[in-house]
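**Q** Sequence first, then the predicted structure, then my questions.
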Amino acid sequence: MKAAVFTVSTRAYKAKQESASGSAVKRVVEQVGFEVKAGVLPEDKTVVEAVLRQLADTGAVQLILTVGSTGLLRKSCAPDALTDAAERLLPGIPEAIRGYCIRYSKKIMLDRSAAGIRNRTVMVNLPDSAKLAKEGIEYILPELVQAVEMLNV
């Protein structure tokens, strides 16, 4: 199975560097057997949405994870891009992450993450905090693997 992990941060994009959060998520997903490509995208809804659509429409990956740009600021566009790219939403995934991660930080209640499906690709936004992103992906990963397998039988 193939996955893509994107850090959504204009600052990291300009510096051409992956975030600690993106690196942590990539390692976790690789440990369960995914072949993972990582990258950095600017905080631009049009760009993020286009990348999500292109990867899902070509079948290049079965799982797309974005890290960051899920907060309250106007530039925080990852949930909006994912929602527009998805054919069907999976609201239980971000609800589960927020419910699980609230023990680490009450700020997670301000997270606007989304999750959905486009074609046979599962897409999930994760928070920017390395700890919350890692804890969140570890918590939901068994169900994500099951969802990817169900969609790609």
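**A** Received the coordinates, thanks. Numbers count the residues shown, from 1 in each chain.
**Q** any idea which helix is longest in this protein?
**A** helix 130-151 (DSSP state H).
**Q** elements contacting the helix or strand bottoming out on mean pLDDT in the chain?
**A** Here the helix or strand of the chain ranked lowest by mean pLDDT, DSSP states H and E is helix 10-15, holding a mean of 90. If you count contacts as 3 or more Cβ pairs under 8 Å, 6 or more residues apart in numbering; DSSP states H and E, helix 10-15 packs onto strand 35-41. The C-beta positions use only the backbone N, C-alpha and C, and glycine is treated the same way.
**Q** what's the average pLDDT for the strand it packs on?
**A** In this model, strand 35-41 has a mean pLDDT of 97.
**Q** what does stretch 128-140 give?
**A** Averaging pLDDT along stretch 128-140 gives 95.
**Q** mind listing what's buried in it?
**A** Buried positions in stretch 128-140, judged by neighbour count with 16 or more other Cβ atoms under 10 Å: Asp128, Ser129, Ala130, Leu132, Ala133, Lys134, Glu135, Gly136, Ile137, Glu138, Ile140.
**Q** Is the first one part of a helix or strand, or is it coil?
**A** Asp128 carries the three-state label coil when classified by DSSP: H, G, I helix; E, B strand; the rest coil.
**Q** Surely it and Ala24 touch.
**A** No. At 11.2 Å, Asp128 does not count as touching Ala24 under the criterion of Cβ atoms under 8 Å.
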